[in-house]
Every structure is written in C-alpha cells, then in structure tokens.
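# quick check, what structure comes out for this input:
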Amino acid sequence: DVQYSDGGECGNCARVISKTVKMTVSARTVPDMSEAQCADCIKKHIEFEFAKRRSPNTLEVKTKSIFPWWEADSSSLLFQAATAALTEVWEVEPLLVREG
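Predicted coordinates:
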C-alpha cells in the first residue's frame, strides 16, 4: 500500500506513466526580429537541454506556425472605440504597453 502525505491510502492504485507528452510554447517577437530565427533558437535550446539528459526517450520539436510582429494603429476608429469601451466599463484608461 502507498501512504500519502495527507494520510490517505492508495491500496492497489495503478501507476501509469504516459508514453507521450505534448507541450505548446508561444513566443512573441518585436520589430526587426526574425520570427524564423527565434523559432529555430527555441528549438535548438530545447534539443540541447534534452540531449543533456541522455534519455533513452525521443524528442520531436515541431513549429506549427510563425507570424510576424504587428503593432496596432492607435489612431484608428476601431482602436479608439475599443479604448472608449474599456474606459467606460473599467473606469480606467487602458495601459497601452504593447504586450500580448
């Protein structure tokens, strides 16, 4: 029997370790930053750290999508409407810091 730190017992509980693991990594770029180079650096870093473990497991890194940076036009009518709506609802002007 397995004794847990909270005092509970597991009895004959099955212990299952998944044969696969998936994760998603999202990175934001800034003006004049190469999106493809950023994705490549992230992939190389993950592969480097995985190799250090000398694991018999395998690793596959896929880039599903890459998009360039963008900056909203704060003088557009839609942007102004959204700013006004946020201010009305929250009673505070939005802080425009260019973060996702």
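# part of a helix, is Ala36?
Yes. Ala36 forms part of a helix when assessed by DSSP: H, G, I helix; E, B strand; the rest coil.
# how many neighbours does it have?
9 (other Cβ atoms under 10 Å). Any C-beta I mention is one placed from the backbone N, CA and C, and that applies to glycine too.
# leaving out the residues flanking it, which one is nearest to it?
Ile66 (6.2 Å; Cβ to Cβ, 6 or more residues apart in numbering).
# pLDDT score assigned to that neighbour?
If you check Ile66, the pLDDT there is 91.
# that one against Ile42, yeah?
No. Using Cβ atoms under 8 Å, Ile66 makes no contact with Ile42, being 10.9 Å away.
# dump the residue contacts of Lys43.
61, 63 (Cβ atoms under 8 Å, 6 or more residues apart in numbering).
# for the host helix or strand of it, list every residue counted as buried.
Element membership for Lys43, per DSSP states H and E: helix 35-52. Neighbour-count burial for helix 35-52 flags 35, 39 (criterion: 16 or more other Cβ atoms under 10 Å).
# quick one: mean pLDDT over it.
Helix 35-52 comes out at a mean pLDDT of 95.
# make residue 1 into 46 and carry on from there
Got it, first residue is 46 now, which makes that one helix 80-97.
# put the alpha carbons of it into PDB.
Output of helix 80-97 as PDB, limited to C-alpha atoms (Å, rounded to 0.1, in the frame of the first residue of the first chain):
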ATOM      1  CA  GLU A  80      10.500  35.100 -36.400                       C
ATOM      2  CA  ALA A  81      12.100  32.100 -38.100                       C
ATOM      3  CA  GLN A  82      15.400  32.600 -36.300                       C
ATOM      4  CA  CYS A  83      13.600  33.000 -33.000                       C
ATOM      5  CA  ALA A  84      11.700  29.700 -33.600                       C
ATOM      6  CA  ASP A  85      15.000  28.000 -34.600                       C
ATOM      7  CA  CYS A  86      16.800  29.200 -31.400                       C
ATOM      8  CA  ILE A  87      13.900  27.900 -29.200                       C
ATOM      9  CA  LYS A  88      14.100  24.500 -31.000                       C
ATOM     10  CA  LYS A  89      17.800  24.300 -30.600                       C
ATOM     11  CA  HIS A  90      17.700  25.200 -27.000                       C
ATOM     12  CA  ILE A  91      15.000  22.500 -26.200                       C
ATOM     13  CA  GLU A  92      17.000  19.900 -28.200                       C
ATOM     14  CA  PHE A  93      20.200  20.900 -26.300                       C
ATOM     15  CA  GLU A  94      18.700  20.600 -22.900                       C
ATOM     16  CA  PHE A  95      17.000  17.300 -23.800                       C
ATOM     17  CA  ALA A  96      20.300  15.900 -25.100                       C
ATOM     18  CA  LYS A  97      22.000  16.800 -21.700                       C
END
